[in-house]
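K.L.:
Sequence first, predicted model second:
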Amino acid sequence: MSERAAAPPRPSPRRALLTADLLLLAAPGRRLMMLLARARDPRAKERWELPFDGPRGDETLDDAAARVARAALGAPVAQVEQIAAFGDRRRHPAAAEVSVAFLALVPGGAPAPVGGENAWFPVDELPAIAPRQRAMVDAALVAIRARLDQAPIAFRLLPPTFTLSQLQEVYELLIGRRLHKASFRRALQAAWLVEPTDEWRREGRGRPAQLFRYAPRRRRGGRRGVRFDGLGNG
């Protein structure tokens, strides 16, 4: 009696080869917030996830990230920056082989997402998300803090004009600690990053505060950012 030929193995569920995962940060009020999307798969272990998608047609990965940002916010984002690629075995909502994390900073006054599929969460109180995406969040925060004194990251979270108190609050949110007010302003002046405008805004019951804009000036030896060493708490 001849042996029956072995049945071919069943194909495994199709996995995404490559995804662009978006970390959208905003700083409304006095909280650093991140935009999450409701999980697409109702059976998913986590109810929320970072917005993501793979490239379509002849899209580049950068194009895909920009499209994901527009869809999530309902408006284009000025700059979307690649942070790192993740190809480990940690779980991803699409079981992607490789996921590339992109960071987009949403300036103050930007429109909130419309609809019930997206929501803002405080970065220090995020709900559970897939382990690979959690690793992306942690990596992005480390990258931001490492570059904060050399790149205009804080200014991208502000409207075009702002008070120095608003700017200090954003820096404090990003580094995770309070700064001494007078020391911060001296360091800001030494960095030559802002210039005053002719506009003023009342903050609380005190005197009106002057509005500034981001306008770095060239200086001999190159421009540097605000240095936080020795600023202390305030």
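P.N.:
Okay, I see it. Just so you know, these numbers come straight off a predicted model, no measurement behind them.
K.L.:
How about the contacts made by the closest residue to Leu35 other than its chain neighbours?
P.N.:
In this structure, Leu35 finds its nearest non-sequential neighbour in Leu24, 4.0 Å apart by C-beta to C-beta, 6 or more residues apart in numbering. Every residue, glycine included, has its C-beta placed from N, CA and C. Neighbouring residues of Leu24 by C-beta atoms under 8 Å, 6 or more residues apart in numbering: Met34, Leu35, Pro51, Ala69, Ala72, Leu73, Val77, Ala104, Val106.
K.L.:
Select from those every entry located in strands.
P.N.:
Members of the contacts of Leu24 lying in strands (criterion: DSSP state E): Met34, Leu35, Ala104.
K.L.:
Can I get those in TSV including distance to Leu173, neighbour count and pLDDT?
P.N.:
Shown next, in TSV, are the ones in strands among the contacts of Leu24 (distance: C-beta to C-beta, whole Å; neighbours: other C-beta atoms under 10 Å; pLDDT from 0 to 100):
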residue	distance to Leu173	neighbour count	pLDDT
Met34	12	23	94
Leu35	16	22	94
Ala104	16	24	94
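K.L.:
out of these, who's nearest Met136?
P.N.:
Nearest to Met136, judged by C-beta to C-beta, of the ones in strands among the contacts of Leu24 is Met34 at 10.7 Å.
K.L.:
any idea how far Asp124 is from that closest one?
P.N.:
Met34 sits 10 Å away from Asp124, going by C-beta to C-beta, to the nearest Å.
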